[in-house]
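J.: Quick one, fold the following:
(chains A and B)
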Amino acid sequence: MAFFQVENISLRGIAAAVPKFEISNMDYDYLSEQERKLLIKTTGIEKRRAVKDTGVTTADLCQASAEKLLNQLSINREDIQVVVFVSQTPDYFLPASSIILQNKLGLPKTCIAFDIDLGCSGYVYGLSVVSTLMNQAKLKKGLLLVGDISTDGTPIEDKSVYPLFGDGGTATLLEYDESAEKMTFSLQSDGSGYEAIIVREGAKRKPYTKESFDLVDIGNGIKRAPRNLELNGLDVFNFSVTEVPKNISDFFQKTGTSAESYDYFVMHQANMIMNETIRKKLKFPPEKIPYSLSKFGNTSSASIPLTIVSELRNKVSSPSSLLLSGFGVGLSWGTVSLKTKGLVCPELIEM
Amino acid sequence: MDINELIQKLEGEFEDIPKGALTPSTKITDIQGWGSMHALIVIALMDAEYGITVKGDELRSVQSIQDLFDLAKKKQAAL
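T.: I've put the predicted structure just below:
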């Protein structure tokens, strides 16, 4: 297991943006009323936000978040020496969205910029990469931009994915700070489960054909096109409730900590039944677990920072000990513990 | 583990089912309103209550509640 610590890096602030357009799962008429109620109770997802046909991209949501955060913290943009964009919904196949954002955000040409292609685990992975790079190269400040637009790949005709996902983009500012407490990471991968959450067509293994866009009846009242997101919910459930508690129990042992050592445990917002199973296995009391699922659904890589902004922004303004865990598509999962000394989280942006 | 206990737990999870509606021979897919959410709930129950992992394919191959119980017992014995 990749278990390591990073010194000298602190989190200064987190901002998040979601689209204004709201979808309520109670209005989802591909399910009966009874099915809708069971869905909402089991997944915890009542409402979601979608970019719809506005043309807004993940990079736009991240850019808006970064602008607000940098302005509120009065950051000199010349000091930002690395910008990393973590997403599976970039603006273009190439170039990397982070490089376009370097220019749009007015960051200097001395800035390192690159993308990371990860989903649900992406925030934790992104923190590990940016903090390690900043510590090693003694970079003053860094921006981690994380998010996804999942709603355009989850058609209304596919009840196995449509009610679950929402869109969001976030920005996190990290700073070189010799007084910062260590961040501790544990990162894992298992590519044998690559088909559990997959978009099969559109890239190089299976380039688009005309048929990639045609909805196919796959039974159980589900229609999906090969370009759409395919999710094996039961396999993902079993993976998450087995591997995540194992990873974190091991993390507790290696760090000499337990659920009591942390003020908040912020999980990737997958669905309520899965997250609650993980919570119970790790013996975290409910009050330490923030959920934004009911408002935003599963926002892929954005879910951890979005939940911090939406549920904890006033609480993390005082020093806090956080445990963050992302898990899903890949399969990929990771945990980080970190201490914040007054995190600045501007109010959620709706655009 | 006891099959009546499993039935009670299933009836507790599926609120719309009256007590006593399920028997060992009830076909799982005949449970009122059966769908993917129910499958998820059964898998979560197996994990939480019995500490076993029932895969999606395994649940699909199971016919009755008795079959589910037998599968769970076999898995528990192999722990």
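
J.: list the contacts for residue 67?
T.: This is for chain A. Residue A:67 makes contacts with residue A:105, as judged by C-beta atoms under 8 Å, 6 or more residues apart in numbering or on different chains. The C-beta positions use only the backbone N, C-alpha and C, and glycine is treated the same way.

J.: wrong chain, I was asking about chain B
T.: residue B:28.

J.: my hunch is that it is in a helix, does that hold up?
T.: Yes: applying DSSP: H, G, I helix; E, B strand; the rest coil, one finds residue B:67 inside a helix.

J.: separation between it and residue A:142?
T.: Remark: distance between residue B:67 and residue A:142 (C-beta to C-beta, to the nearest Å) = 55 Å.

J.: so which helix or strand takes in residue B:75?
T.: helix B:65-77 (DSSP states H and E).

J.: Name the single longest helix found in chain B.
T.: helix B:36-50 (DSSP state H).

J.: Residues contacting it, please?
T.: Counting by C-beta under 8 Å, 6+ apart, A:35, A:38-39, A:42-43, A:159-160, A:220, A:233-234, A:237-238, A:241-242, A:273-274, A:277, A:280, B:1, B:9-10, B:13-14, B:28, B:31, B:52-54, B:56, B:59, B:68, B:72, B:75-76 sit against helix B:36-50.

J.: try 7 Å
T.: Helix B:36-50 is contacted by residues A:38-39, A:42, A:160, A:233-234, A:237-238, A:241, A:273, A:277, A:280, B:1, B:9, B:13-14, B:31, B:52-54, B:59, B:72, B:76 when judged by C-beta atoms under 7 Å, 6 or more residues apart in numbering or on different chains.

J.: and that helix, C-alpha only, in PDB?
T.: Coordinates of the C-alpha atoms in helix B:36-50 are reproduced here as PDB (Å, rounded to 0.1, in the frame of the first residue of the first chain):
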ATOM      1  CA  SER B  36     -32.300  -2.900  -8.200                       C
ATOM      2  CA  MET B  37     -32.700  -0.900  -5.000                       C
ATOM      3  CA  HIS B  38     -33.900  -4.100  -3.300                       C
ATOM      4  CA  ALA B  39     -30.900  -5.900  -4.600                       C
ATOM      5  CA  LEU B  40     -28.700  -3.200  -3.100                       C
ATOM      6  CA  ILE B  41     -30.500  -3.400   0.200                       C
ATOM      7  CA  VAL B  42     -30.100  -7.300   0.400                       C
ATOM      8  CA  ILE B  43     -26.400  -7.000  -0.400                       C
ATOM      9  CA  ALA B  44     -26.000  -4.300   2.300                       C
ATOM     10  CA  LEU B  45     -27.900  -6.500   4.800                       C
ATOM     11  CA  MET B  46     -25.700  -9.500   4.100                       C
ATOM     12  CA  ASP B  47     -22.600  -7.400   4.600                       C
ATOM     13  CA  ALA B  48     -23.800  -5.600   7.800                       C
ATOM     14  CA  GLU B  49     -25.500  -8.500   9.500                       C
ATOM     15  CA  TYR B  50     -23.500 -11.500   8.400                       C
END
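
J.: give me the low-pLDDT residue ranges for the chain?
T.: By default, I'm working from chain A. By pLDDT under 70, the weakly predicted segments of chain A are A:1.

J.: not what I meant, chain B
T.: If you take pLDDT under 70 as the line, chain B has no such spans.

J.: can you list the residues of chain B near chain A?
T.: By C-beta under 7 Å from any C-beta of the partner chain, the residues of chain B that approach chain A are B:16, B:33, B:35-37, B:39-41, B:43-44, B:47-48, B:53, B:55-56.

J.: rerun that using 6 Å as the cut-off
T.: Residues of chain B lying close to chain A by C-beta under 6 Å from any C-beta of the partner chain are B:37, B:43-44, B:47, B:53, B:56.

J.: Quick check: PyMOL command selecting the buried ones in the contacts of helix B:36-50.
T.: Buried members of these, defined by 16 or more other C-beta atoms under 10 Å in any protein chain shown, are picked up in PyMOL with:
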select buried, (chain A and resi 38+39+42+160+233+234+237+238+241+273+277) or (chain B and resi 9+14+31+52+54+59+72)
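
J.: In helices only, show me the contacts of helix B:36-50.
T.: A:38-39, A:42, A:233-234, A:237-238, A:241, A:273, A:277, A:280, B:9, B:13, B:59, B:72, B:76.

J.: Which single one of those is nearest to residue A:129?
T.: Nearest to residue A:129 among the ones in helices among the contacts of helix B:36-50: residue A:241, at 27.0 Å, using C-beta to C-beta.

J.: residues in contact with the closest one?
T.: A:277-278, B:47 (C-beta atoms under 6 Å, 6 or more residues apart in numbering or on different chains).

J.: For chain B, what's the nearest residue on the stretch 201-350 of chain A?
T.: residue A:234 (3.3 Å; C-beta to the nearest C-beta).

J.: For the residue nearest to residue A:23 when sequence neighbours are not counted, give its distance to residue A:318.
T.: Distances taken as C-beta to C-beta, 6 or more residues apart in numbering or on different chains place residue A:48 nearest to residue A:23, at 5.0 Å, with adjacent residues excluded. Residue A:48 sits 31 Å away from residue A:318, going by C-beta to C-beta.

J.: With residue A:135 instead?
T.: 25 Å.

J.: same deal with residue A:108?
T.: Taking C-beta to C-beta as the criterion, residue A:108 is separated from residue A:318 by 33 Å.

J.: Residue A:237 too?
T.: 35 Å.

J.: now swap in residue A:136 and tell me
T.: Counting by C-beta to C-beta, the gap from residue A:136 to residue A:318 is 30 Å.

J.: Check residue A:63 too.
T.: For residue A:63, the distance to residue A:318 - C-beta to C-beta - is 29 Å.

J.: go on, residue A:75?
T.: Residue A:75 is 22 Å from residue A:318, by C-beta to C-beta.

J.: More neighbours: which of these two?
T.: residue A:75 (19 against 11; other C-beta atoms under 10 Å in any protein chain shown).
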